[in-house]
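Student: return atomic coordinates for the entry below.
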Amino acid sequence: NSLADIPYDFSLLLQKYDNNLISLGSNPWHCTCNSEIAHSSLQEKLQDLMFVICAVGSAPDSIVGRKLMDIDSSVLCPRSEVAEEKERVLQAVCGVLALLIVITLTKLLYDYWNYRKRGKLPWIVYRMP
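Tutor: This is a model prediction of the structure:
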């Protein structure tokens, strides 16, 4: 056979059954970041993974002729600068939110301590109608 790609639905069907082992080696695979053959969950089902070789049409071109199991995931799916920037922004937002949670819990514990020791409620309680 000359399989170059596997449809998503068929890949899910192959992955569904635990005891299935399949042979897909010796085919001219188009290895890209989004191709189903590159997903580790499908690779676990392959009994001949050492014979899965990336053919012409793979991206990047540097992996053509190489075994799929020898290709690092960072080569197959490199991270973009935009993705790196978005991740840094999300990490900063998470840090700020974590800090705000700590501040809120600290204030809550202080108000509880102040009420138990002095019987004094927080100032915002006196401002509420």
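Student: can you count the residues close to Leu14?
Tutor: Using other CB atoms under 10 Å, Leu14 has 18 neighbouring residues. No exception for glycine: its C-beta is placed from N, CA and C like everyone else's.
Student: before we move on, what SS does Leu12 have?
Tutor: With DSSP: H, G, I helix; E, B strand; the rest coil as the basis, Leu12 sits in helix.
Student: so where do the helices sit in the chain?
Tutor: 8-16, 40-43, 73-76, 81-118, 123-127 (DSSP state H).
Student: so for Lys67, which of these sits nearest?
Tutor: Nearest of those to Lys67, taken as CB to CB: helix 40-43 at 11.4 Å.
Student: got JSON lines for the helices of the chain, with distance to Cys33 and mean pLDDT too?
Tutor: Compiled in JSON lines, these are given as follows (distance: least, CB to CB, whole Å; pLDDT from 0 to 100):
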{"stretch": "helix 8-16", "distance to Cys33": "14", "mean pLDDT": "85"}
{"stretch": "helix 40-43", "distance to Cys33": "13", "mean pLDDT": "83"}
{"stretch": "helix 73-76", "distance to Cys33": "6", "mean pLDDT": "84"}
{"stretch": "helix 81-118", "distance to Cys33": "12", "mean pLDDT": "95"}
{"stretch": "helix 123-127", "distance to Cys33": "52", "mean pLDDT": "82"}
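Student: Gly25 is nearest to which of those?
Tutor: helix 40-43 (11.3 Å).
Student: and the closest one, what's buried?
Tutor: For helix 40-43, a neighbour-count test (16 or more other CB atoms under 10 Å) marks Leu42 as buried.
Student: could you do stretch 54-68 as well?
Tutor: Across stretch 54-68, burial judged by 16+ other CB under 10 Å covers Cys54, Ser58, Ala59, Ile63, Leu68.
Student: what of stretch 117-126?
Tutor: Within stretch 117-126, no residue is scored as buried using 16+ other CB under 10 Å.
Student: gap between that stretch and the chain center?
Tutor: Relative to the chain's own centre, stretch 117-126 is displaced by 47 Å; criterion: CA atoms, centre = their mean, to the nearest Å.
Student: how far does stretch 62-70 stretch from start to finish?
Tutor: End-to-end distance of stretch 62-70 (CA to CA, to the nearest Å): 12 Å.
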